[in-house]
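Student: My questions concern the predicted model and sequence given below.
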Amino acid sequence: MPGYGDSPPAEMVSSVQGRVAFLDHVLQELGMQRPVLVSPSMSGRFALPFLLAQGDQLAGFVPIAPVGTKDYTAEQYQQVQTPTLILYGDRDTRLGLQALQNLRHLPRHQVAMVPDAGHACYLEKTEDFHRTLLGFLRQLK
């Protein structure tokens, strides 16, 4: 993501609106129509504002203990109608539980906990993670 890790700082993603526009541009360039957005950890800074602004463009949303969930109100989350799978590792007792507490206000959500996994549950328990993710994807229209 621009401005994270080893990538250089990017002015275009310094604001919430810029991050929404950036993600929208990426999805358009890839020709994606109604994708499922999977959002682990730091990608929450991009995915959450996109969900709130343009969630109707998504077929589904899978937040995996994303950052930034406390930046939005219960009322804002309640406006989102995107089917959501809130996913976290049971050993992620800080960010995973914080995200769950905030994201539970999404009206069309399910919760799945990956046993014996920490924050990066998709790396630690890949088979359990993929089985859960595929089960959610099969439920979507």
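Tutor: The structure has been received and is ready for your questions.

Student: Could you look up the SS state of M12?
Tutor: helix (DSSP: H, G, I helix; E, B strand; the rest coil).

Student: Quick check, pLDDT for the residue nearest to it when sequence neighbours are not counted.
Tutor: Of all residues not flanking M12 in the chain, G18 sits nearest, at 4.8 Å (C-beta to C-beta, 6 or more residues apart in numbering). All C-beta atoms are positioned from the backbone trio N, CA, C, and that covers glycine. Per-residue pLDDT puts G18 at 91.

Student: G18 and F50: what is the separation?
Tutor: 11 Å (C-beta to C-beta, to the nearest Å).

Student: ditto for L37
Tutor: The separation that L37 has from F50, given C-beta to C-beta, amounts to 7 Å.

Student: how many other residues sit next to the nearest residue in space to L85 that is not next to it in sequence?
Tutor: Distance criterion C-beta to C-beta, 6+ apart; nearest residue to L85, sequence neighbours excluded, is F136 at 4.2 Å. Residues lying near F136 (other C-beta atoms under 10 Å) number 18.

Student: Could I get the contacting residues of F136?
Tutor: The contact partners of F136, taken as C-beta atoms under 8 Å, 6 or more residues apart in numbering, are G60, V62, L85, Q110, A112.

Student: would you list the residues you listed in CSV and tack on pLDDT, distance to D24 and secondary structure?
Tutor: Output for these, formatted as CSV (pLDDT from 0 to 100; distance: C-beta to C-beta, whole Å; DSSP: H, G, I helix; E, B strand; the rest coil):
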residue, pLDDT, distance to D24, secondary structure
G60, 98, 17, strand
V62, 98, 18, strand
L85, 97, 22, strand
Q110, 96, 26, strand
A112, 95, 27, strand
